[in-house]
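1. Would you be able to build a 3D model of this:
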Amino acid sequence: MPGITIEDVSLRDLHDLHQIEKECFGKEAFTRQQIASLLEDYNTISLAAKQEGAIVGFIIGSIYGVRDSEAGHILTVDVVSTHRRKGIGEQLLKAVERIFRGKGVRECSLEVREDNIAALHLYRKSRYIQVGKLMNYYGNSNGLLLMKNLNPA
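-> I've put the predicted structure just below:
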């Protein structure tokens, strides 16, 4: 299988990103307009995993001020079904964390459905720890709030 490259994305990729988002999250997916707004946000990092020029996954994270430092928030991690369990989500997560660190981000948070076993495995493997439970965060399903220190001592 040819290699995966991690690249910046832009509005020209909006159609593909929205299709992948819908495949991954169904009725809970970000809308096309929400993705477009995120792509245009100066504080957002958007990366795609590409194979032979086709987007097979993407990640969107944002940076915001907390207390007197910067924090990161992973908004979505998406991998097309045919490319799951191949390390693409992990590559995307590591790439955005590298960018966050380079911008002075010290901690990163994300939300995940408590029944999304594959995603929970990825995040735990990547050293995210549960810091909260989000009741009915995903409609009738609970979410978990996870956090990671990006500058471990």
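
2. which outside residues touch the worst-scoring helix or strand of the chain on mean pLDDT?
-> The least trusted helix or strand in the chain, going by mean pLDDT, DSSP states H and E, turns out to be strand 129-138, with a mean of 87. Strand 129-138 has contacts (CB atoms under 8 Å, 6 or more residues apart in numbering) with 28, 109, 111, 113-114, 142-148. Bear in mind the C-beta positions are built from the backbone N, C-alpha and C, glycine included.

3. ok, then the element right after the top helix by length along the chain?
-> Using DSSP state H to define each element, the chain has its longest helix at helix 88-102. Downstream of helix 88-102, the first helix or strand assigned by DSSP states H and E is strand 105-113.

4. In the longest strand along the chain, which residues are buried?
-> Longest strand in the chain, counting residues (DSSP state E): strand 54-66. Buried residues in strand 54-66, counting neighbours by 16 or more other CB atoms under 10 Å, are found at 55-63.

5. one step back: just the buried ones from the contacts of strand 129-138?
-> Buried among those (16+ other CB under 10 Å): 109, 111, 113-114, 143-146, 148.
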